[in-house]
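K.L.:
After the sequence you'll find the predicted model.
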Amino acid sequence: MTEYCRKCGEALKDDALFCANCGEEVPDRRNGFSKKYIVLIAVALIIVAIAASSFLIMNHSQTVEVDNVKFELPADYVKEPSRTNVSFDGNVKSSAMGWSNDKNYIEIGITKTPGSGFNSEEVSASLGGTPTKMFGYYGYLLEYENEGYAFIFGLKDEVCMVYVNNYDAFDDVKLIGQDS
């Protein structure tokens, strides 16, 4: 494609830096980049930015807390609107919260008896299930026929229950720990 001088209109040679007729400098020839390369670079940068932001969004997590126990869940889980708080005889307290995304449901429950010092591991064991280690703790895995799974374990003076509708959702849960 023939280019023409912007000052005098003379046809320019392909590699000319100046117009042979009037001496006008030919724009975009000094830096070596043509407009098509700039457009390609801009498109490539936009694609990289979109890919990087998608990666960051998909790998972002949130910290959730039930009573004083903190867990980490992927950012795409949304808190369900209901929360259960139950108190039996003013001594045993239980709290549960749920989160879901487009594939899975996770519910975390904490039961405790403040100040009574019960053995949470014995309580977990009394519920049955298969002895298993998850989240760095030994506990019991329960399978509910076609309804999901629960991992129940003792954590100091509390019994923790993590229920999932799909076994693979356990991979989405990370126990951070307890507040003192």
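P.N.:
Right, received. Where do you want to start? Quantities reported herein were computed from a predicted structural model and do not represent experimental measurements. Numbering: from 1, shown residues only.
K.L.:
I figured Ala169 hits Ile106, correct?
P.N.:
Yes. Judged on CB atoms under 8 Å, Ala169 makes contact with Ile106 at a distance of 5.7 Å. No exception for glycine: its C-beta is placed from N, CA and C like everyone else's.
K.L.:
in the lengthiest helix in the chain, what counts as buried?
P.N.:
For the chain, the longest helix by residue count, based on DSSP state H, is helix 35-58. Residues of helix 35-58 classed as buried by neighbour count (16 or more other CB atoms under 10 Å): none.
K.L.:
Ala169 belongs to a helix?
P.N.:
Yes. Assessed with DSSP: H, G, I helix; E, B strand; the rest coil, Ala169 lies in a helix.
K.L.:
Against Phe151, how distant is it?
P.N.:
11 Å (CB to CB, to the nearest Å).
K.L.:
Could I get the full set of strands for this structure?
P.N.:
61-66, 69-74, 78-88, 92-100, 105-112, 130-134, 137-144, 148-155, 158-164, 174-178 (DSSP state E).
K.L.:
Check these for me: which has the lowest mean pLDDT.
P.N.:
Lowest mean pLDDT within these: strand 78-88, a mean of 74.
K.L.:
Return the residue of this structure that is most distant from the centre.
P.N.:
Here the chain reaches farthest from its C-alpha mean at Asn21, the gap being 63.1 Å by CA atoms, centre = their mean.
K.L.:
how about it, what does it touch?
P.N.:
Cys5, Cys8, Glu10 (CB atoms under 8 Å, 6 or more residues apart in numbering).
K.L.:
Test my guess that the last one contacts Phe18.
P.N.:
No. The pair Glu10 and Phe18 fails to qualify as a contact (CB under 8 Å) at a distance of 10.9 Å.
K.L.:
Need the pLDDT of Asn166.
P.N.:
93.
K.L.:
er, Ile57 I mean
P.N.:
Looking at Ile57, its pLDDT is 58.
K.L.:
Share the number of residues neighbouring the nearest residue to Lys7 once chain neighbours are set aside, please.
P.N.:
Counting by CB to CB, 6 or more residues apart in numbering, Lys7 lies nearest to Glu24, which is 4.0 Å off, once chain neighbours are set aside. When neighbours are counted by other CB atoms under 10 Å, Glu24 registers 14.
K.L.:
can you check Asn68 too?
P.N.:
15.
K.L.:
How about Pro74?
P.N.:
Neighbours of Pro74 (other CB under 10 Å): 19.
K.L.:
Spit out the contact partners of Glu65.
P.N.:
Going by CB under 8 Å, 6+ apart, the list of residues near Glu65 reads Phe71.
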